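1. with the sequence up front, the predicted model follows.
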Amino acid sequence: MESPELKPAKVYQLSYAVDYEPGTTILKPILTKDTGSVNMYSLDKGESFESAVSPFDILIQVFEGVAEVNIGEKSYELIAGQILIIPAHSSHEMKANERFKMLLTVIKYGYEEVSI
């Protein structure tokens, strides 16, 4: 079975790694290692990620569209070209105000003691 990740040593246009589908969220694994992961997502307008807490820092980079990200009680509106770091152990949630695509990178540290 072929890996769902992108192949190494090959050039990609990341904004085309995932398409939009009405009423859903699409995930494309880019790179998955013990020390972290990189995933590309597309969310249709109105789709969201429920509130969660990660033991690791998360970097969000928006490629297209507009997203609302809440970290604790603070809300951020992200547009294409912007990034936001969600600190480890912070409650966070995300909603697509318009359909959008993002690259989500999780940097694991102390991973020998923690599991997701």
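-> Alright, I've got the coordinates.
2. for the residue lying closest to Y76 once chain neighbours are set aside, give me the backbone phi and psi.
-> Leaving aside its chain neighbours, Y76 sits nearest to V69 (4.8 Å; criterion: Cβ to Cβ, 6 or more residues apart in numbering). From N, CA and C alone the C-beta is placed, and that goes for glycine too. Dihedral angles phi and psi of V69 (degrees, to the nearest 10) take the values phi -120, psi 130.
3. please apply the same query to S15.
-> Torsion angles, degrees, to the nearest 10, at S15: phi -60, psi -20.
4. tally of neighbours for it?
-> 13 (other Cβ atoms under 10 Å).
5. cool, and the one 3 residues further on?
-> By other Cβ under 10 Å, 19 other residues sit near V18.
6. kindly report the same for H89.
-> 10.
7. over to E68?
-> 15.
8. repeat for S37
-> 19.
9. for it, helix, strand, or coil?
-> strand (DSSP: H, G, I helix; E, B strand; the rest coil).
10. how far away is the closest residue to it other than its chain neighbours from V66?
-> Of all residues not flanking S37 in the chain, V106 sits nearest, at 5.0 Å (Cβ to Cβ, 6+ apart). Computed as Cβ to Cβ, to the nearest Å, the V106 to V66 distance reads 23 Å.
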